[in-house]
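Enquirer: build the 3D model from these lines:
(chains A and B, ligands or ions: 3)
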Amino acid sequence: MEKVLTKNIRDNREPMWIAEYEKAGGYEAFKKALQEFKPTEVADLVKSAGLRGRGGAGFPTGVKWSFMPRFEERPEQRPAHVYLVVNADEMEPGTFKDRLLMEGDPHQLIEAMAIASYAIGADIAYVFIRGEYTECQRKLQRAIDEAAEKGYLGEDILGSGFNLKMHLHMSAGRYICGEESALLSALEGRRAVPRHKPPFPAASGLFGQPTTVNNVETICNVPHIINHGADWYKGLGLHKDGGTKIFGASGHISRPGLVELPLGTKLSDVLDHFGGVRHGHRLKALLPGGGSTPLLTDEHLNTPMDYEGVGAVGSRLGTATMVVMDETTPIVGVLKNLEHFYAQESCGWCTPCRDGLPWVERILTNLEAGHGHPGDIELLDLHVKLLGPGKTFCAHAPGAMGPLESGLKYFRDELAALIPDDQDTLGLTQPANAVSNS
Amino acid sequence: MKLSETEIAAIRHEMTLYEDPGAATIEALKIVQEHRGWVSDEALEAAAAVVGVTPTQMEAVATFYNLIFRQPVGRHVIMICDSISCYLTGYEEISAYLKKILGVEFGQTTADNRFTLLPIVCLGNCDNGPAMRINTDYHGRLTPEKVDAILAEYP
Ligand SMILES: Cc1cc2nc3c(=O)[nH]c(=O)nc-3n(C[C@H](O)[C@H](O)[C@H](O)COP(=O)(O)O)c2cc1C
Ligand code: SF4
Ligand code: FES
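Expert: Ligands and ions are numbered 1, 2, ... in the order given. Here you go, the predicted structure:
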């Protein structure tokens, strides 16, 4: 199949620097956009291509762009700045795809950002990169400098009247920085606490100005849509959603790594690209797209891996980087590990998340240690409800409940079997020693 | 306490990259840490003065982010990933081994000040789990033997 996003990426991830990138057709899409399209036409094209966000939520990109206020007709009302922010935080456990795009083809991202900025009318673009990704920082900075030198960034770019500055921001690390409104708080130099929506960033984002936040992989699709058109793009998918996707696999898989495949590729076929479950073992469960996506099991192997397909079986495509578990894996350990992460990374802004997640972690820790109590499973059910969508300020807590709810659904007996029948051995007759409060 | 000219210049540069110079708060902490290994109270106050925010604002940020160290660290900082893919590929064995050979628990520094051992969330190196990072270098597919060889590269 045709590689789109990864076609320039070499095995050693040594990027094409600008001369080579241009020779391979790089920056042609940007020139075409500036010369042949009005900004709103670029947004419309992306909308009709059906590009959906690759950061986890899957929101249609062109629609998001269309929320940006337009100042072409009333330039005097233009605010001081309009921003594009690219989300390169990538801290979702099991997710490692954006790193490939930044390390392997930094100019693709810069060209994509230039086109996206033109489409939404942005004059400043930031890449918000997780602090550990120093290799991405080095390569992107060099690529930005090269692009500026060539006149693809700066003032009156290629004589079009369009201006754009581009900067990198290295995060100081917290998962919540990836949530788009928390990311804007972090970029403003404050604690990364999510903001109430509305207003949405398109109305009031970075420094109160119109802002669009997009994921790295999402944006990288844009030059290809400009070059080849919306129908070509839609035709790349095998099922309902168009385009290709970088799929990943880690955990108990034969050849962990990343591969670009059409959206809608069947789950079993995706797994085959990684050599299947590690030798001599069989699939028990998998997280389809990062730590906050509900588990799937071997009954889902025929699922088309796109937003619609995975949604139809009660999970989410998420980042499409799968974490694979074979039959040797205790589900309680998996859930405890995930909930430990979510409890630790809660920003603390709202009570259900700040206090509920540590409680969930403690129940799972006790179950794993053989110190569970009757009623623990029901208590976990209750948390799934109380921390679910709409109960907290952002999607962190509901995300944390995704794997837990599905774990309770598919592996309830396994979890219940961890509760000892003989509660006397737990010292429950002596409340002072009650282990669940330790 | 005064920051060095290099630190001040680096912070001032960051301040030019944002509509509001106060946005350089986080970057200022990172710059100070890069030069001093960690952020002391005095360095924090000095950085706040350069950025033009109050020490309390600086402190609120410094205590929020994982990669800002508010205590001294050793010459090399080992961060071992404890997230899901590394859990599945055996991070518990590796972190137990690291604790044993270094003689420290998480959050501690070896007596010779050579290593500080910290847990970290998913490093985006999940296909190479169990994974760790020493200073800015990534190491993956760890085994106890491999860990021995890797540590020897950090005198
Ligand atoms: C707790 C939390 C963490 C997130 N982390 C990331 C992240 O690391 N990278 C990312 O692109 N999106 C992340 N998202 C999703 C963003 O909020 C946002 O939807 C996305 O960046 C939008 O880009 P897209 O429409 O191109 O996908 C996170 C969301 C939540 C709730
Ligand atoms: S749900 Fe959790 S992470 Fe999100 S705002 Fe509330 S406390 Fe913070
Ligand atoms: S889970 Fe360890 S690097 Fe991602």
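Enquirer: contact residues of the stretch 251-400 of chain A facing ligand 2?
Expert: Residues of the stretch 251-400 of chain A found near ligand 2 (CB under 6 Å from any ligand atom) are A:346, A:347, A:348, A:349, A:350, A:353, A:354, A:392, A:393, A:394, A:396, A:397. No exception for glycine: its C-beta is placed from N, CA and C like everyone else's.
Enquirer: now the closest residue to the third one other than its chain neighbours: phi and psi?
Expert: Using CB to CB, 6 or more residues apart in numbering or on different chains and skipping residues adjacent in sequence, the residue nearest residue A:348 is residue A:354, 4.6 Å away. Note on residue A:354: its backbone torsions stand at phi -60, psi -40 [degrees, to the nearest 10].
Enquirer: count the residues that sit near residue A:354.
Expert: Residue A:354 sits with 15 neighbouring residues when counted by other CB atoms under 10 Å in any protein chain shown.
Enquirer: what of residue A:299?
Expert: Other residues near residue A:299 number 9, with proximity taken as other CB under 10 Å.
Enquirer: ok, residue A:333 next?
Expert: Residues near residue A:333, counting by other CB under 10 Å, number 17.
Enquirer: quickly check: the host helix or strand of it near chain B or not.
Expert: For residue A:333, the host element (DSSP states H and E) is helix A:331-345. Yes. Counting by CB under 8 Å from any CB of the partner chain, chain B is contacted by helix A:331-345 at A:333, A:334, A:337, A:338, A:340, A:341, A:344, A:345.
Enquirer: residue in chain A with the shortest distance to ligand 3?
Expert: Residue of chain A nearest ligand 3, by CB to the nearest ligand atom: residue A:93 (5.1 Å).
Enquirer: I'd say the residue nearest to residue A:348 and residue A:344 touch.
Expert: No. Between residue A:354 and residue A:344 there is no contact under CB atoms under 8 Å: 11.2 Å.
Enquirer: wait, does stretch B:99-118 make contact with ligand 3?
Expert: No. Counting by CB under 6 Å from any ligand atom, no contacts exist between stretch B:99-118 and ligand 3, the nearest distance being 13.9 Å.
Enquirer: name the residues of that stretch that are buried.
Expert: Using 16 or more other CB atoms under 10 Å in any protein chain shown as the test for burial, stretch B:99-118 gives B:102, B:104, B:109, B:110, B:115, B:116, B:117, B:118.
Enquirer: and the helix holding residue A:333, what does it pack against?
Expert: Secondary-structure packing of helix A:331-345 (3 or more CB pairs under 8 Å, 6 or more residues apart in numbering or on different chains; DSSP states H and E): strand A:283-287, helix A:351-368, helix A:396-410, helix A:412-416, helix B:84-88.
Enquirer: and the next helix or strand past the last one?
Expert: Using DSSP H and E, the next helix or strand after helix B:84-88 towards the C-terminus is helix B:91-102.
Enquirer: so which residues of the stretch 101-250 of chain A form helices?
Expert: Counting by DSSP state H, counting those that start in this stretch, one finds helices in the stretch 101-250 of chain A at the ranges A:106-120, A:134-149, A:180-187, A:216-220, A:222-228, A:230-236.
Enquirer: give me the element the residue most central in space within chain B is part of.
Expert: Per CA atoms, centre = their mean, the C-alpha nearest to the average position across chain B is that of residue B:67, at 4.5 Å. Residue B:67 is part of no helix or strand, with elements assigned from DSSP H and E.
Enquirer: from chain A, how far out is residue B:26?
Expert: Per CB to the nearest CB, to the nearest Å, residue B:26 is found 5 Å from chain A.
Enquirer: distance of that residue relative to ligand 1?
Expert: Applying CB to the nearest ligand atom, to the nearest Å, the value for residue B:26 to ligand 1 is 17 Å.
Enquirer: the residue nearest the centre of chain A: which element?
Expert: Nearest to the geometric centre of chain A sits residue A:55, at 2.8 Å (CA atoms, centre = their mean). Under DSSP H and E, no helix or strand contains residue A:55.
Enquirer: I'd like the average pLDDT over the longest strand anywhere in chain A.
Expert: Across chain A, the longest stretch assigned as strand under DSSP state E is strand A:244-251. Over the span of strand A:244-251, the pLDDT mean works out to 98.
Enquirer: following it, which helix or strand shows up next?
Expert: strand A:257-262.
Enquirer: past that next one, which element shows up next along the chain?
Expert: Of the helices and strands lying after strand A:257-262 in sequence (DSSP H and E), the nearest is helix A:267-273.
Enquirer: one step back: what's the closest of the helices of the stretch 101-250 of chain A to ligand 2?
Expert: Using CB to the nearest ligand atom, the nearest of those to ligand 2 is helix A:180-187, at 7.5 Å.
Enquirer: is the closest one positioned near ligand 1?
Expert: Yes. Helix A:180-187 reaches ligand 1 (CB under 6 Å from any ligand atom) through residue A:180.
Enquirer: what's that helix packed up against?
Expert: Packing contacts for helix A:180-187, counted by 3+ CB pairs under 8 Å, 6+ apart, involve strand A:83-88, strand A:124-129, strand A:211-215.
Enquirer: export these to CSV and tack on mean pLDDT and mean neighbour count?
Expert: Output for the helices and strands packed on helix A:180-187, formatted as CSV (pLDDT from 0 to 100; neighbours: other CB atoms under 10 Å in any protein chain shown):
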stretch, mean pLDDT, mean neighbour count
strand A:83-88, 98, 28
strand A:124-129, 98, 24
strand A:211-215, 98, 27
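Enquirer: show me where chain A dips below the pLDDT cut-off.
Expert: For chain A, the stretches flagged by pLDDT under 70 are A:1, A:424-438.
Enquirer: now with 90, please.
Expert: Along chain A, segments meeting pLDDT under 90 span A:1-2, A:57, A:71-76, A:196-197, A:240, A:421-438.
Enquirer: up against ligand 3, what does it have?
Expert: So far as CB under 6 Å from any ligand atom goes, chain A lies against ligand 3 at A:93, A:94.
Enquirer: other residues contacting the one helix or strand residue A:311 maps to?
Expert: Under the criterion of DSSP H and E, residue A:311 resides in helix A:307-312. Under the criterion CB atoms under 8 Å, 6 or more residues apart in numbering or on different chains, residues A:52, A:58, A:239-241, A:263-264, A:288-289, A:293, A:296, A:303, A:316-317 lie in contact with helix A:307-312.
Enquirer: which element follows that helix toward the C-terminus?
Expert: Following helix A:307-312 toward the C-terminus (DSSP H and E): strand A:321-326.
Enquirer: any chance of the helices and strands packed on helix A:180-187 in JSON lines, plus distance to residue A:185?
Expert: Below are the helices and strands packed on helix A:180-187 laid out as JSON lines (distance: least, CB to CB, whole Å):
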{"stretch": "strand A:83-88", "distance to residue A:185": "12"}
{"stretch": "strand A:124-129", "distance to residue A:185": "11"}
{"stretch": "strand A:211-215", "distance to residue A:185": "12"}
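Enquirer: what residues does the stretch 201-350 of chain A put near ligand 1?
Expert: Applying CB under 6 Å from any ligand atom, we find that the stretch 201-350 of chain A lies next to ligand 1 at A:213, A:214, A:215, A:218.
Enquirer: residues in contact with whichever residue of the stretch 251-400 of chain A sits closest to ligand 1?
Expert: For the stretch 251-400 of chain A and ligand 1, the shortest gap (CB to the nearest ligand atom) falls at residue A:395, measuring 3.6 Å. Contacts for residue A:395 were tallied using CB under 8 Å, 6+ apart; they are A:57, A:179, A:292, A:389.
Enquirer: swap in 10 Å and give it another go.
Expert: Going by CB atoms under 10 Å, 6 or more residues apart in numbering or on different chains, residue A:395 touches A:56, A:57, A:179, A:194, A:292, A:389, A:402.
Enquirer: thanks a lot, see you next time.
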